[in-house]
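Student: Give me a model of this one.
(one chain, ligands or ions: 1)
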Amino acid sequence: MTEAVRVEDLSKTYDGSVTALDGVSAAFAGGTFTAVMGPSGSGKSTLLQCAAGLDRPTGGRVFLGGAELIATTDTAITKFRRDRVGFVFQDYNLLPSLTVLQNVVLPLRLAGRRADRRRCRAVLDRLGLGDRVDDLPEKLSGGQRQRVAVARALVAEPAVIFADEPTGALDLRSARDVLLLLRAVVHEHGRTVVMVTHDPVAASYADAVLFLADGRLAGSMTAPTADAVAERLAHLGDTAARVSGAAA
Ligand SMILES: Nc1ncnc2c1ncn2[C@@H]1O[C@H](COP(=O)(O)OP(=O)(O)OP(=O)(O)O)[C@@H](O)[C@H]1O
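Tutor: Modelled structure (predicted):
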């Protein structure tokens, strides 16, 4: 199986004092769906941001689709990211003045690639949004907006789609639709998804869960169930509380 993402000994310190990541090494195989979980402040978003080239790590290396992300210039990093990474955010990040189709085409245009509108329409169609292509985002429900965001992440055919709390703003039913969509993106279309979530039910849609605590890897689980994930998280919380209690 090809490797979509690898991080080696990744560290990130903010303002020279807050250690958000402390030597994290992990690999994500192509065609897999992984959830990243851990207590608040454990470094999940920082891991995603650094792996996606949205933030610069203090130390360590990042490989996406077999190529190393080298921190040369911001322009070079942006180009690298546009070619290899799709991102889905909790708050959708759609441009309000652009239609659904224009939002989906945008990453291709920004990357200087041919914007094949027919293919973008086909992706939206497959995601159940074929009759909404000319609407502005404000006309869509949260779940529909997030499906547009997934379509936008898909069209550039990235090595990996990073999703940070993609269901955090959705009701239960819309959340389930988006999770099923992400799972289909992986299992039917061979994409790779790495998703940060707080929700054990959301994590149970993934093939595997990676746990973080205090900026370090704190274990993993394959074929996760919501109950097993919740149980593991509760113990991670205990450990974090014990460590910070001891430090206080
Ligand atoms: N821009 C920043 N400046 C300073 N400190 C930061 C910054 N971003 C994150 N941190 C700190 O780094 C640590 C890890 O933050 P991060 O957001 O990665 O955790 P998280 O696990 O995603 O948390 P949550 O579940 O609450 O979103 C925290 O202590 C946080 O306060």
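Student: Show me what Ser11 bridges to in the sheet.
Tutor: Using DSSP bridges, the bridge partners assigned to Ser11 are Asp22, Gly59.
Student: near the ligand, which residues of this protein?
Tutor: The chain comes close to the ligand at residues Tyr14, Asp15, Val18, Ala20, Gly38, Ser40, Gly41, Ser42, Gly43, Lys44, Ser45, Thr46, as judged by C-beta under 6 Å from any ligand atom. Quick note: C-beta positions are derived from backbone N, CA and C, even for glycine.
Student: how about the strands in this structure?
Tutor: With DSSP state E as the criterion, the chain has strands at 3-14, 18-29, 33-37, 59-64, 67-68, 85-89, 160-164, 193-196, 208-213, 216-222.
Student: Name the spans of this protein whose pLDDT lies under the cut-off.
Tutor: Along the chain, the model assigns pLDDT under 70 to residues 1, 237-248.
Student: so what's Leu127 up against?
Tutor: By C-beta atoms under 8 Å, 6 or more residues apart in numbering, Leu127 lies in contact with Arg147, Val148, Val150, Ala151, Leu181.
Student: Please report the number of neighbouring residues for Lys102.
Tutor: I think there's a mix-up here, since residue 102 is Gln and not Lys. Residues contacting Gln102 under the criterion other C-beta atoms under 10 Å number 18.
Student: again with Leu236
Tutor: Using other C-beta under 10 Å, Leu236 is surrounded by 19 other residues.
Student: cool, Phe211 as well?
Tutor: 23.
Student: these two touch, right, it and Gly38?
Tutor: Yes. Here Phe211 reaches Gly38: they are 5.6 Å apart, a contact under C-beta atoms under 8 Å.
Student: re the thing from before, turn the strands of the chain into a markdown table, including distance to Asp74.
Tutor: As requested, the strands of the chain are arranged in a markdown table below (distance: least, C-beta to C-beta, whole Å):
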| stretch | distance to Asp74 |
| --- | --- |
| strand 3-14 | 17 |
| strand 18-29 | 20 |
| strand 33-37 | 25 |
| strand 59-64 | 15 |
| strand 67-68 | 17 |
| strand 85-89 | 15 |
| strand 160-164 | 19 |
| strand 193-196 | 23 |
| strand 208-213 | 27 |
| strand 216-222 | 29 |
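Student: Quick one, which of those strands gets closest to Leu124.
Tutor: strand 85-89 (15.0 Å; C-beta to C-beta).
Student: And the contacts of Leu127, which is closest to the ligand?
Tutor: Val150 (20.7 Å; C-beta to the nearest ligand atom).
Student: Let me know the distance separating Asp214 from Gly60.
Tutor: From Asp214 across to Gly60, the span is 17 Å (C-beta to C-beta, to the nearest Å).
Student: what two of the contacts of Leu127 are the furthest from one another?
Tutor: Across these, the two lying at the largest distance from each other (C-beta to C-beta) are Val148 and Leu181, at 11.2 Å.
Student: higher neighbour count, the two?
Tutor: For Val148 against Leu181, the residue with the higher neighbour count under other C-beta under 10 Å is Val148, and the figures read 24 against 21.
Student: Run a quick neighbour tally on the closest residue to the more buried one other than its chain neighbours.
Tutor: Leaving out its chain neighbours, the residue that sits closest to Val148 by C-beta to C-beta, 6 or more residues apart in numbering is Val100, at 5.3 Å. Close neighbours of Val100, defined as other C-beta under 10 Å, add up to 26.
Student: Might one say that Val100 is in contact with Ala149?
Tutor: No. Counting by C-beta under 8 Å, Val100 stays clear of Ala149, with 10.4 Å between them.
Student: which ones are touching Lys44?
Tutor: Contact partners of Lys44, counting by C-beta under 8 Å, 6+ apart, are Val36, Met37, Gly38, Val196, Leu212.
Student: Mind giving me the PyMOL select for those residues, buried ones only?
Tutor: Provided next is the PyMOL selection string for whichever of the contacts of Lys44 are buried by 16 or more other C-beta atoms under 10 Å:
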select buried, resi 36+37+38+196+212
